[in-house]
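Asker: return a 3D structure for these sequence lines:
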Amino acid sequence: MATPKADDSRPEAPPRDFIREFVSQDLESGKNGGRVVTRFPPEPNGYLHIGHAKAICIDFGIALEHGGRCNLRFDDTNPVKESQEYVDQIMRDIRWLGFEWDKHLYYASDYFGQLYEWAEQLIKADKAYVDSLTADQIREYRGTLTEPGRESPFRHRTVEENLDLFRRMRAGEFDDGAHVLRAKIDMASGNINLRDPVMYRIRKTSHQRTGDAWVIYPMYDWAHGQSDSIEGVTHSLCSLEYEDHRPLYDWYLDSLGIYHPRQIEFARLNLNYTVMSKRILLELVEGKHVSGWDDPRMPTLSGLRRRGYTPESIREFCDRIGVAKRANVVDIANLEHAIREDLNLHAPRVMGVLNPLKVVIENYPEGQFEDVEVINNPEDASAGTRKVPFGRVLYIERDDFMEDPPKKFFRLSPDKEVRLRCAYFIKCTGVVKDSNGNITELRATYDPHTRGGDSPDGRKVKATLHWVAAERALDAEVRLYDRLFTVEDPAAEENFLDHLNPNSLVVLPHAKVEPSLAQATAGARYQFERIGYFCVDLDSTAARLIFNRTVSLRDTWAKIQQKTK
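Answerer: Numbering: from 1, shown residues only. Okay, here's the model as predicted:
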């Protein structure tokens, strides 16, 4: 996997793909003087999601592999939907993912003056004109995939008239929507993007960087290629939906006669049970279907981070799925597998009981406690061990006991013996119930000769349970997160909100965890033995510990799907 580094050393390159082949061919031919300059151009109108992570790994990764650079350039051309909050969050997320742009931070708004001058250049060459059709009329005149478009009645204004109107648009004389500037290309083109695309529209909205200096703003297609050219980008890597826009990218650059980068498209990341549309993600946030952009159920990088995903696991996932030319859907189980692998190697083990059931060991001395030694991570010998207190009263998982168990239930039941992790064998000797018949407590005995979890007489037990000592345990809230949607392609449904998973968040307010977690800090990740991987939530405090489930130990969804087939 390509691990990003802050210095000039190059990471190990992932397997070759068609983009890397193109870059290698350009380098071998001496094109661009051996330079490799890419860019990542996010719009500051929302938080980055896992799909952006793939693009970031490609844009920054390819530049790193060849000793080049990747520019971070904000496409801040629509102040109606943009904010500084999004700019700041995007930069935090990219750095968290492990990449750095150093001094190469740019904004499309840096180039507003130059873009305006180039727009006038096209007007003077009779390659652009001011159109006064309404937005609806422009759509109507554009035609369809099977029918050519129609020329606007304003298409043949003189150069002088177009310059005058455009300058008056710039001066703020007209209301929003009164006019637009369009490129004059071909209204009969089979590529709708070449049917006189809009270059500028009037937006009398203050911009987060330029304030009220501008009242006309460039469209993305107009700003994109020219920004690449200004920055000396050699390889402009875009997702597949921009393939049909490439002829327009080329037309603008060629018409202006300026440096021409190479645009290459790749398939964007699509995950099942997930939405990648910013519009839908924003609707989830504004409709309060989630707690915010960083809700651990969201596919945003901030949501994944809060859930406990590591940047290493996300980069590994992006490397594994590779770079494709055709759109495809990746099983979200691949992302979950990546984080399981990472946390299995690095997450310390602890014991936590999510649904506590009290067990009183009647032959253990009252008021006595002893420490048992527990391995912190069997995958990492350097992680060492820790001491966990053991006493007369314990908590085990409620699901680990059945009063009338089926044949293959090997956990605790009346008169059955089990092992307590790194402690002793215990046997259930009694069940205490309340007036409604609900089990409130178990009675048990322990074998003092089985300390450490082994019997000197060689007898075997078929189950090992995790536990915490009741009097030394810490109270905790545990949030069990699952997939936000119940269908594989929620965006394709008539109403995606109808398919929200009602069990995507289950809150367990009365969990008990071992005392070693007293100093657990926000973002720390652990494996709760036998349960799953968990992360300390941002809202967690010493007085109120909160843990978010990152992922279960196994893919339970796969089992559910197999049962339904």
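
Asker: so Gly98 makes contact with Ser313?
Answerer: No. In this structure, Gly98 is not within contact of Ser313 by CB atoms under 8 Å, at 11.4 Å. All C-beta spots, glycine's among them, are computed from the backbone N, C-alpha and C.

Asker: tell me which of these two has more neighbours.
Answerer: Set Gly98 next to Ser313 and count neighbours by other CB atoms under 10 Å: Ser313 wins out with 23 against 19.

Asker: quick check: that one vs Leu301, distance?
Answerer: The gap separating Ser313 from Leu301 is 12 Å, by CB to CB, to the nearest Å.

Asker: same question for Ala53.
Answerer: From Ala53 over to Leu301 the distance is 6 Å, taken as CB to CB.

Asker: per-residue pLDDT, Pro456?
Answerer: The confidence metric pLDDT takes the value 89 at Pro456.

Asker: quick one on the thing from earlier: so what sits against both of Ala53 and Leu301?
Answerer: Both Ala53 and Leu301 are in contact with 97, 314, where contact means CB atoms under 8 Å, 6 or more residues apart in numbering.

Asker: count the neighbours of Asp212 for me.
Answerer: 10.

Asker: contact partners for Ser277?
Answerer: Ala491.

Asker: do His449 as well
Answerer: Here His449 is in contact with 455-457 (criterion: CB under 8 Å, 6+ apart).

Asker: and Gln368, by the same measure?
Answerer: Here Gln368 is in contact with 391-392 (CB under 8 Å, 6+ apart).

Asker: how far away is it from Glu471?
Answerer: According to CB to CB, Gln368 and Glu471 sit 11 Å apart.

Asker: what touches both of these two?
Answerer: Joint contacts of Gln368 and Glu471 (CB under 8 Å, 6+ apart) are Gly391.

Asker: what sits against the nearest residue to Asp176 once chain neighbours are set aside?
Answerer: The shortest distance from Asp176 to any non-neighbouring residue, by CB to CB, 6 or more residues apart in numbering, is to Ile202 (4.9 Å). Neighbouring residues of Ile202 by CB under 8 Å, 6+ apart: 169, 174-180, 215-216.

Asker: most surrounded residue in those?
Answerer: Neighbour max across these (other CB under 10 Å) = Val180, 25 neighbours.

Asker: please state the backbone phi and psi of that one?
Answerer: phi -140, psi 160 (degrees, to the nearest 10).

Asker: my read is that it contacts Pro197, right?
Answerer: No. Contact between Val180 and Pro197 fails when scored by CB under 8 Å: they sit 9.9 Å apart.

Asker: re earlier: in strands, which of the contacts of Ile202 fall?
Answerer: Among those, the members found in strands (DSSP state E) are 180, 216.

Asker: pick the one among the contacts of Ile202 closest to Ala223.
Answerer: The closest of those to Ala223 turns out to be Ile216 (CB to CB; 12.2 Å).

Asker: who is that closest one paired with across the strands?
Answerer: On the basis of DSSP bridges, Ile216 is bridged to Ile202.

Asker: tell me where the stretch 251-400 of the chain has strands.
Answerer: Using DSSP state E, counting those that start in this stretch, the strands assigned to the stretch 251-400 of the chain run over residues 262-266, 349-350, 352-353, 356-361, 369-375, 385-391, 393-397.

Asker: could you identify which of the ones you listed is most buried?
Answerer: strand 352-353 (a mean of 28; mean count of other CB atoms under 10 Å).

Asker: can you list the strands that it pairs with?
Answerer: Here, using DSSP bridges, strand 352-353 pairs with strand 505-513 (antiparallel).

Asker: next helix or strand past the partner strand?
Answerer: Heading C-terminal from strand 505-513, the first helix or strand you meet, by DSSP states H and E, is strand 525-528.

Asker: okay, which residue of this structure is out on the far edge from center?
Answerer: Within the chain, the residue lying farthest from the chain centre (CA atoms, centre = their mean) is Asp457, at 52.5 Å.

Asker: who are the contact partners of that one?
Answerer: Asp457 is in contact with His449, counting by CB under 8 Å, 6+ apart.

Asker: repeat that for Glu341.
Answerer: So Glu341 contacts 313, 316 (CB under 8 Å, 6+ apart).

Asker: how does it look with 7 Å?
Answerer: For Glu341, no residue meets the contact criterion (CB atoms under 7 Å, 6 or more residues apart in numbering).

Asker: can you give me the distance of it to Tyr533?
Answerer: Distance from Glu341 to Tyr533, by CB to CB: 11 Å.

Asker: do the same with Phe60
Answerer: According to CB to CB, Phe60 stands 27 Å off from Tyr533.

Asker: same question for Leu133.
Answerer: Here Leu133 is placed at a distance of 56 Å from Tyr533 (CB to CB).

Asker: then Arg392?
Answerer: Distance check for Arg392 against Tyr533: by CB to CB, it reads 31 Å.

Asker: pick out whichever of these two has more residues nearby.
Answerer: Tyr533 (24 against 19).

Asker: just to be sure, that one is in a helix?
Answerer: No. Remark: Tyr533 does not belong to a helix; assigned using DSSP: H, G, I helix; E, B strand; the rest coil, it is strand.

Asker: model confidence for it, exactly?
Answerer: Confidence at Tyr533, expressed as pLDDT, is 98.

Asker: one step back: of all the strands of the stretch 251-400 of the chain, which one is nearest Phe74?
Answerer: Ranking the strands of the stretch 251-400 of the chain by proximity to Phe74 (CB to CB) places strand 262-266 first, at 19.0 Å.

Asker: okay, helices next: where are they in this structure?
Answerer: Under the criterion DSSP state H, the chain carries helices at the ranges 18-28, 50-65, 84-97, 112-124, 135-142, 159-171, 220-231, 246-256, 278-286, 301-307, 311-321, 332-346, 556-564.

Asker: for this structure, name the helix or strand with the lowest mean pLDDT.
Answerer: Ranking every helix and strand in the chain by mean pLDDT, DSSP states H and E puts helix 556-564 at the bottom, with a mean of 51.

Asker: low-confidence regions, the chain specifically.
Answerer: Residues of the chain meeting the criterion pLDDT under 70: 1-15, 555-565.

Asker: specify the beta-bridge partners of Ile426.
Answerer: As for beta bridges, Ile426 partners with Val418, Tyr446 under DSSP bridges.

Asker: hmm, it is touching Lys416, no?
Answerer: No. The pair Ile426 / Lys416 is not scored as a contact, 9.8 Å apart, by CB atoms under 7 Å.
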